[in-house]
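Visitor: how would this look folded up:
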Amino acid sequence: MECDVCKKNSSQIEIFACDGCKTRLCRNEVLSLINASEYKVLQLKSKRHLKFYCEKCTKGESFSLYQSLIEEKQKHIEAKEKIISCLETNNKELLQKIEMLEKKLQNTQNESKGTFSVVLIKPVDEQDGILTKKEIRQNVDPSKIEVSKFRQIKGGGVVIGCSDKNQIKDLRTQLEKQLGQKYTVEVPSLKKPKMKIVNINKDDVGLEDSDSTIIDLIVKWNNLFDGEDFYMKVLKKSVNNFKNINLILEADSITHNKLLSQERVKLGWSRCRVFNHVSVLQCFNCMGFNHYGKDCKSQQICSRCSGNHSYKECRSNEKKCINCIKSKKPNENLDVSHEALSRECPCLLRIISLYNKKVDYLSDCV
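Guide: Model prediction:
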């Protein structure tokens, strides 16, 4: 191979080919054209960081080549701009969805942080609840109390709810002073929060391990303070689809909050996800809440279409939630087009919200 200008061959001097017209030029010719150091010419040859065009190409005799290169570059730029625009649009939509979910979660959290502010009044001697309500009306002044509920319960008792937890003390004092001899007055304590630890390696925790052993391991590996206020109880041990162990625990609010804030619980060689656990009992016969299917005396209801048949027998393509149908008030815009077992069911979410009000969560938890 020789230089097309000086006719020197490659054995005498290094030869470079033009990236445009493929004209072959020696090193000296290339240096005279690009005004570059010898190092850069060698770099051009070995690593091809730069493209080299001869004088003929740079003067426009191969203008079509330049035009095609510019058009190709422009296409790359336009493609990148489209990708960037698409990503920006998707990011904007995603951020909007995240913002909506955060607002929804915040509303749920604000509701769930409300204290379980009720007083239970039960007669010492058996009597009708109507009489209990009558005596309360006669002896208690409700003018300074924001009553949220006032209804009868089993055994002739009455439950009174207040929107402000500080009013419970005043209400309890009034009731004990006026009706203390004939009635017992009780402010129910909040429930302990629950959590679920999932996918624990069976070599670290087994079903045969005692509850006390499991609790000791959790305390040890997670630096928990086993003090006077510490409380933890194993409610359930089960094996998941991966042949690993799942645990449902009940704990004091401080321990519950600490473990949830860690996001993962340490147990030997395992680092396991931990979640807040809410217990909502739903019947698989009538789809109602707060009772088991084995105790249900109602007619069977399909969880998909609300018909009087089992889910396996359902042939309908329309989804209808029996709980939302029953709870829907006239002119209320309540969506019923979902299955009764859906986690997004408004009735289920309302029950979870009511449940959370009865749980002793910390203010910055759940």
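Visitor: contacting residues for the closest residue in space to Val140 that isn't next to it in sequence?
Guide: Ranked by CB to CB, 6 or more residues apart in numbering and with sequence neighbours excluded, the top spatial neighbour of Val140 is Gln174, at 5.1 Å. Every residue, glycine included, has its C-beta placed from N, CA and C. Each residue near Gln174 by CB atoms under 8 Å, 6 or more residues apart in numbering is listed here: 139-141.
Visitor: Look up how far Gln127 lies from Gly155.
Guide: 9 Å (CB to CB, to the nearest Å).
Visitor: what stretches of the stretch 251-366 of the chain score poorly on pLDDT?
Guide: Residues of the stretch 251-366 of the chain that meet the criterion pLDDT under 70 lie in 363-366.
Visitor: sorry, back to before: mind listing what's buried along the helix or strand where the residue nearest to Val140 lies?
Guide: For Gln174, the enclosing helix or strand under DSSP states H and E is helix 166-179. Residues of helix 166-179 classed as buried by neighbour count (16 or more other CB atoms under 10 Å): 167-168, 171-172, 174-175, 178-179.
Visitor: next SSE after that helix?
Guide: Going down the chain from helix 166-179, the next helix or strand is strand 183-186, by DSSP H and E.
Visitor: Quick check: what element follows that following strand along the chain?
Guide: strand 194-200.
Visitor: Now for Val239: which residues touch it?
Guide: If you count contacts by CB under 8 Å, 6+ apart, Val239 has them with 202, 207, 245-246.
Visitor: Also Leu362?
Guide: Leu362 sits next to 253-254, 256-257 when contact means CB under 8 Å, 6+ apart.
Visitor: Most neighbours of all the residues you listed, which one?
Guide: Across the contacts of Leu362, the neighbour count under other CB atoms under 10 Å reaches its highest value at His256, namely 27 neighbours.
Visitor: which SS state does that one fall under?
Guide: Secondary structure of His256, reduced to three states by DSSP: H, G, I helix; E, B strand; the rest coil: helix.
Visitor: tell me the contacts of it?
Guide: The neighbours of His256, taking CB under 8 Å, 6+ apart as the test, are 192-195, 276, 361-362, 365.
Visitor: any idea which of those is closest to Glu88?
Guide: Ranking the contacts of His256 by separation from Glu88, with CB to CB as the measure, puts Asn276 on top at 34.9 Å.
Visitor: and the closest one, that's in a strand?
Guide: Yes. For Asn276, which was evaluated using three-state DSSP, the result is membership in a strand.
Visitor: Tell me, how many residues neighbour it?
Guide: There are 18 residues near Asn276, going by other CB under 10 Å.
Visitor: is it true that it touches Ser261?
Guide: No. At 11.2 Å, Asn276 and Ser261 do not qualify as touching, with contact defined as CB atoms under 8 Å.
Visitor: Show me the domain layout of this structure.
Guide: Split into domains by automatic domain parsing, the chain comes to 15-61, 118-186, 194-277, 293-357.
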